[in-house]
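Enquirer: Okay, predicted coordinates and the sequence, questions at the end:
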Amino acid sequence: MDELDSAILAELQSDARQTNRELARRLGVAASTCLQRVRSLVRRGVIRGFRAEVDLLALNRGVQAMVAVTVRPLQRRVIDEFKAAAAGMPEVLSVFVLAGNDDFLVHVAVPSLDHLHGFLVDRLSQRREVVSFRTSVVYQQVHNTVLAPL
C-alpha cells in the first residue's frame, strides 16, 4: 500500500460508481495506471467488493437493535452453527463473535418494536443453544464510510 493505493481506496469508498476515467482524473494519474492499481487492490483482497448502501427506513426496517447472545455448550461446532443460523435470518445485518461475557453480538433491523419482540421470542430464543440474550435498541447510528489509513 502506497499513497496512490490509499487515495484510490478513499475515492472508491466515497463513490464506488465513478468511472475509472473519473477516478484517474481526480487522482491525477493515467487511466491505465488507475485501472491497473484498482485491479491489483482487488486481486490482493484489499477491495473485497463494491456494494450499494441502502436506507433501512426506506426498506421498512427502521428499528435496529444490538442483541448480545450467550450460547452453550461453548464448542466450535455450536459457535459455527449459531453464527451461520443467525447470519441467515432476514432480520440480521451483522453477526460478531466475541470474547468476554457475551459470545455474540447480533445487529438486527426490523419494521417495528413488535417485530423485534417477535424475532427475539419466536426465533432467537427458540434455538436450543441460546441460554441468554440482552437487547439494546439503537436510537441513532453514525457509520464511517471512508476508512483513513492508520
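Expert: Yep, that arrived.
Enquirer: Assign residue 90 to one of the three secondary structure states.
Expert: coil (DSSP: H, G, I helix; E, B strand; the rest coil).
Enquirer: what's the neighbour count on it?
Expert: Other residues near residue 90 come to 10 when the count uses other Cβ atoms under 10 Å. C-beta here means a position set from N, CA and C on the backbone, and glycine is covered the same way.
Enquirer: Give me the number of neighbouring residues for the nearest residue to residue 51 once chain neighbours are set aside.
Expert: Distance criterion Cβ to Cβ, 6 or more residues apart in numbering; nearest residue to residue 51, sequence neighbours excluded, is residue 16 at 7.6 Å. Residue 16: 14 surrounding residues under other Cβ under 10 Å.
Enquirer: what's the distance between residue 16 and residue 29?
Expert: Per Cβ to Cβ, to the nearest Å, residue 16 is found 18 Å from residue 29.
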